[in-house]
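1. Pasting the sequence and the predicted coordinates here, then a few questions.
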Amino acid sequence: MDIGPLPKIRFAKAAEAVAGLELSPEAKKRLTPSITPGAFLKALLEDELLVDAIRLMAIALPRREAVWWACLLARRCIAPDAPPEETAAIEAAEAWVYRPTEENRRATFAPAQALDFKTAGSYAALAAYWSGGSIAPPEAPVVVPPGDGLTGTAAAAAVLLAAATVPAKAALRHRGAL
């Protein structure tokens, strides 16, 4: 299976990308010190380890692209009876993608929190919030940067939660997301 070039990947080695992730035992068997993210992704896809592949891609993509991916899947899989707060969270994250300012980044937290951090939209918004800047309150005298993997972790959660809105189709949706 040829997955083609992956020019936007932030890491030269897959081990760097997944350093903070808890991979499945099957995925760990495929991870070698020198394997590239593209080769590791290919191995994960061949073994149908789609959740591990989604988590790898969400971490390895640049933050803005990871948030956009989360937004696309959250919007595509939104339930017809989803509360308006779900759309508001997705829209806040999209606003940050379109214009990644500090003001737009900070504006993503309240919609994510309004959903108790339980939905694809809330995690898309949280991925944007964790993309940079400080996670301390705006009036705090100190800057508290988010961890490097937080955006990718939240983006992966958004993609996985979006796929799970129809559990019987989750694997198909995982593949479609990739």
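-> Done, it's in. Numbering: from 1, shown residues only.
2. So, low pLDDT: which residues of the protein?
-> Along the chain, the parts satisfying pLDDT under 70 run over 1-2.
3. and the residue nearest the centre of it, how far is that from Ala140?
-> For the chain, Ala155 is the residue whose C-alpha lies nearest the centre (C-alpha atoms, centre = their mean; 1.6 Å). When C-beta to C-beta, to the nearest Å is applied, the distance between Ala155 and Ala140 equals 25 Å. Every C-beta, even on glycine, is put in place using the N, C-alpha and C of the backbone.
4. Now for Ala14: which residues touch it?
-> Contacts of Ala14 were listed using C-beta atoms under 8 Å, 6 or more residues apart in numbering, and they are 31, 35-37, 39-41, 56, 60.
5. Could you check how far the closest residue to it other than its chain neighbours is from Thr165?
-> Taking C-beta to C-beta, 6 or more residues apart in numbering, and ignoring the residues beside it in sequence, Ala14 has Phe40 as its nearest neighbour in space, at 3.6 Å. Taking C-beta to C-beta as the measure, Phe40 falls 28 Å from Thr165.
6. Wait, the residue nearest to Ala14 touches Leu56, no?
-> Yes - taking contact to mean C-beta atoms under 8 Å, the distance of 6.5 Å between Phe40 and Leu56 places them in contact.
7. and Ala127, how many neighbours?
-> When counting by other C-beta atoms under 10 Å, one arrives at 34 neighbours for Ala127.
8. Counting neighbours, go ahead and name the busier of Phe40 and Leu56.
-> Of the pair Phe40 and Leu56, Leu56 is the one with more neighbours under other C-beta under 10 Å, namely 27 against 24.
9. The more buried one: what secondary structure?
-> Three states are possible here, and by DSSP: H, G, I helix; E, B strand; the rest coil the one that applies to Leu56 is helix.
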